[in-house]
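# Have a look at this prediction, sequence included:
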Amino acid sequence: MRIPIETFRLGNGLLVTLSEDHTAPIVAVNLWYHVGSANERPGRTGFAHLFEHMLFQGSEHVGANEHFELVQRAGGTLNGSTWLDRTNYFETVPSNQLAIALWLEADRMGALLPAMTQQKLDTQRDVVSNERRWSVDNQPYGTWWEKLPALTYPDPHPFHHSLIGSFEDLNAASLDDIAHFFATYYTPDNAVLTIAGDFDPREARELVQSYFAAIPRGKGKPALPDMSLPTTFGGTLREVVKDDVSLPRLYLAFRSPAFGSSEYYAASIAGAILGMRKGSRLQRALVREREVATDAAAFTFDLPKGADILVVDVTARPGITPAHLEAEVTREIDRMRSDGVTQSEVDRAISLIGTDFVVSMQQASERADQLSRFATYFGDPSFINDQMNRYRSVTVEDVDRFAATRLGEDNRAFLMYVPRDDSENAESRDTVGTDAALVTA
Amino acid sequence: MTTAIRPQPGPARDYHFPSFERRLLSNGLTLLVAPAHNLPVVTLLAIVDAGAVAEPSGQEGVAHLAALALNEGTPKYDGEALTEYLERLGTSVGGSAGWDSASLAMTVLRDNLENAFVHFAEILVTPTFPVAAIERLKGERIAELMQIESEPRELADEKFDEYIYDVTSRFRLPLGGSRQSVSNLTRDDVAEFHASRYQPSATTLIVVGDVDVAEVERMVSGELDGWNGSIVLSSKANDKPVRTSRAVRIVRKEDAPQSEVRIGHVGVPRTHPDYFSITVMNAVLGGLFSSRINLNLREAHGYTYGASSSFDWRREAGPFVIGTAVASDVTVPAIQETLKEIDRMRAEPIGESELSLATSYLEGVFPIRYETTAAIAAALATLVIYDLPSDWYDCYRAHMGAVTVKDVLAAARAYVHPDSLQIVIVGDAGAIREPLEALAFGPVDVVNP
């Protein structure tokens, strides 16, 4: 399977990718801005995400809440999301509605600020505060996705701080910040536009040209600090969180090679051998055979800058203490290092990843998002067509080498959640290890 | 500025739901095949009349457990060997149960279809249900119930169902069973449920993707010809509400920063003749991002990250529910705004522009919903489970487009009942109890999770 790809760049720097497929009469429009929480200034955490909300509040020719309304009225679906190092916006619409999707994206890229008001900012600040309560504070284990980066990326590394931000920082955001952030990052030379699905390439080029070409190039964005890190943490990191949860859960992270690097694919396969589906090592050993966990998974964050993390996520069965859970997970990690993996395990991982990849490519929105992703990170969307070959070329030796260099005691970060009112469990963590602990109440 | 003029849409291109063929095998098994050749992918979905509604009383959760345990072993291979074999083929087979049916699903690359199907068939027809696996899965379900106690969203959904249905209704208890009912289940209960319900005549096998009909028929007959069994009777759930006057229940979650709110009552069955007008009415009320409730609570007031309403479609009446999560201190105003929107929906006709937004969305989004083999298979399963006509999807857009402002008003008046609304809140009882009592909506009680 090869995804058809055509690429061009407008004079203002906007990189455009077209990928035709006439299976269904729909078209996906996908825009990645190369800005995420990593680009935030100190004291302004959560700003990239708050700004993402503001981008749905209208622009010069689009009223408040009209963006959603116009796309839905066109029979389309849409949303946006913010991640550590990028923000994306996407619509899938019936083919005959391509123009409206492009027009909406262009109007906000070219003319957002005339529509911004203090009232809109205040409302979205409330919405985002509620999003934080909903997904982080009032959700068991909900703080894991800010605590784990905080534990595994040293302060002030750009991935260290919270993506959704604190209430304090959200409250400090001003309209001036909005204007500044917009002028700095939401510029055509910091964006990638992908159109995938049922469209006429000549018409699409003309639409892109007429809506986007006049938007001026940006003045350049501040360079990110050097994001490279040593290959390991240099020790075992540890944090225990007493939380309103019913069962202990361990997130064990390893610093791992950046997404897209040659070593990344071995790391990804090691993750699949450990924790992808029922036949993975952690599922077989911990969930099925020894019955110490109710669930186990492993995955990478897929960060292409500096260093990525490989995360193992395991929840205890009732009655299993955090110490026991940690010992069992550690045992499997040590076993992978001492005994290595088998060809059959590598084959299984490649086979599962390959099926998932082809299955995901059935959706125009997914094709568009992946093309934008490779174009944003590596300047070349056609890397998508190399991905499976890169997985297939991973050998047993590559995975063993990854395990030897990256899964040792000098590269483990344990983030353990324990039930708040379970004093026995909370105390048992003291028996877990003797490394410097950072404990949060 | 080149975006000063709004573009107009071009002419719509034709869309047809994938055509499919139906075959009845000699043993009573129905086969639905929808060829789709754009990518080398095939989805198999077996739909069995073995949902939670069919459970014997006292065995709540057995349908879910049986479906989950299908792939834990067959006479030829144990669960581990099955998993290993299928995952090396790049796939896995998973069972699950809904209220009205159970299903077994697999998506696989074309080249591995025949090899994987051999095991798919074994897993469906001859599971051995080893005692150890059943006990482990029971333990996992009980752990899941423990987890839900500290997870406000799922807890609110579960408690809402429990609060609105008649004391003898199966719908009161969670789909996967309660702690007590699951603890009591035995391996033999599971095996018996499978033996009585998983019959070829109660099963439809849906195959969607890079296949042709004759090839699928050959493959399926080859593996499933020997599967025989008697016809089973379908079951019917009691969908009566427990009360018809308004009432409030707070499920205690101390110091919760947010209240998870559910407002609604028992809804209508999936096969209701007013399905389309109810769907459009719900889209305007709370089904879309641009719905009245979401625009009010989220965009006008900033009370919430999101608010929505839905009819949970089942063969018998599932819940109609409005759900949101709001900060504790605005719980009462958020409820008041929601009640206002309900009243407004019933008091006056919606605007033509609101109607066209909802209908053009529901018509237009149709091809986007059915891009994948798995989504097409799920759509065909809906036809099977609710016994809908074969041309349902071909006619869908015309039916949706025919709904009028009058139909929407009639649907709101007929199927949304302000006087019997029930409210369930998972939240900080200490902070919200008094203001809720002051609202005088109905009696307020407070319970533990």
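It's in. Numbers count the residues shown, from 1 in each chain, chains lettered A, B, ... in the order given.
# When you work out contacts or count neighbours from here on, use the C-alpha atoms and nothing else.
Will do.
# what about the residue nearest to B:Ser291 when sequence neighbours are not counted, how many residues close to it?
Distance criterion CA to CA, 6 or more residues apart in numbering or on different chains; nearest residue to B:Ser291, sequence neighbours excluded, is B:Val284 at 4.9 Å. Using other CA atoms under 10 Å in any protein chain shown, B:Val284 is surrounded by 25 other residues.
# swap in the one 3 residues further on?
By the other CA under 10 Å criterion, the neighbourhood of B:Gly287 contains 22 residues.
# re earlier: wasn't the residue nearest to B:Ser291 part of a helix?
Yes: according to DSSP: H, G, I helix; E, B strand; the rest coil, B:Val284 belongs to a helix.
# I figured it hits B:Leu355, correct?
Yes: with contact defined as CA atoms under 8 Å, B:Val284 and B:Leu355 form a contacting pair (7.4 Å).
# ok, back up a step: return the distance of the residue nearest to B:Ser291 relative to chain A.
Using CA to the nearest CA, to the nearest Å, one gets 12 Å for the distance from B:Val284 to chain A.
# Tell me the residues on the stretch 201-350 of chain A that lie near chain B, please.
Taking CA under 8 Å from any CA of the partner chain as the contact definition, the stretch 201-350 of chain A meets chain B at A:210-211, A:214, A:244-247, A:278-279, A:288, A:291, A:294, A:317-318, A:344, A:347-350.
# Try it again at 10 Å.
Counting by CA under 10 Å from any CA of the partner chain, the stretch 201-350 of chain A comes close to chain B at A:209-215, A:243-247, A:276-280, A:284, A:287-289, A:291, A:293-295, A:315-319, A:344-350.
# As a check, name the ranges of all helices in the stretch 101-250 of chain B.
Ranges of helices in the stretch 101-250 of chain B, per DSSP state H, counting those that start in this stretch, are B:113-125, B:131-149, B:152-164, B:179-184, B:187-197, B:213-224.
# Can you give me the neighbour number for whichever residue of the stretch 51-200 of chain A sits closest to chain B?
At 3.6 Å from chain B, A:Gly75 is the closest residue in the stretch 51-200 of chain A, using CA to the nearest CA. When neighbours are defined as other CA under 10 Å, A:Gly75 has 25 of them.
# if I look at it, how far off is A:Asn30?
17 Å (CA to CA, to the nearest Å).
# Same question for A:Thr194.
On the measure of CA to CA, A:Thr194 and A:Asn30 end up 5 Å apart.
# What of B:Ser103?
Relative to A:Asn30, and taking CA to CA, B:Ser103 is found at 34 Å.
# And the two? Which one has more around it.
Each of B:Ser103 and A:Asn30 has its neighbours counted (other CA under 10 Å); A:Asn30 has more, 33 against 24.
# which stretches of the stretch 301-441 of chain A form helices?
A:322-339, A:343-360, A:364-378, A:387-392, A:396-406, A:423-428.
# residue contacts, B:Pro52?
Actually, residue B:52 is Ala rather than Pro. B:Ala52 makes contact with B:59-64, B:97-102, B:170-171, B:174-177, B:235, B:237, according to CA atoms under 10 Å, 6 or more residues apart in numbering or on different chains.
# so what's the backbone phi/psi at the residue nearest to A:Gly235 when sequence neighbours are not counted?
In space, and not counting its chain neighbours, A:Gly235 is closest to A:Asp410: 3.9 Å by CA to CA, 6+ apart. Main-chain torsions, A:Asp410, degrees, to the nearest 10: phi -80, psi 10.
# how many neighbours does A:Asp410 have?
Neighbours around A:Asp410, by other CA under 10 Å: 17.
# quick one: the closest residue to B:Pro174 other than its chain neighbours from chain A, how far?
Nearest residue to B:Pro174 in three dimensions, chain neighbours excluded: B:Glu158, at 6.3 Å (CA to CA, 6+ apart). Remark: distance between B:Glu158 and chain A (CA to the nearest CA) = 16 Å.
# how near is B:Glu158 to A:Gly218?
51 Å.
# ditto for A:Ala101
Distance of A:Ala101 to A:Gly218, computed by CA to CA: 23 Å.
# Counting neighbours, go ahead and name the busier of those two.
A:Ala101 (24 against 17).
# Can you classify that one as helix, strand or coil?
Assignment for A:Ala101 (three-state DSSP): helix.
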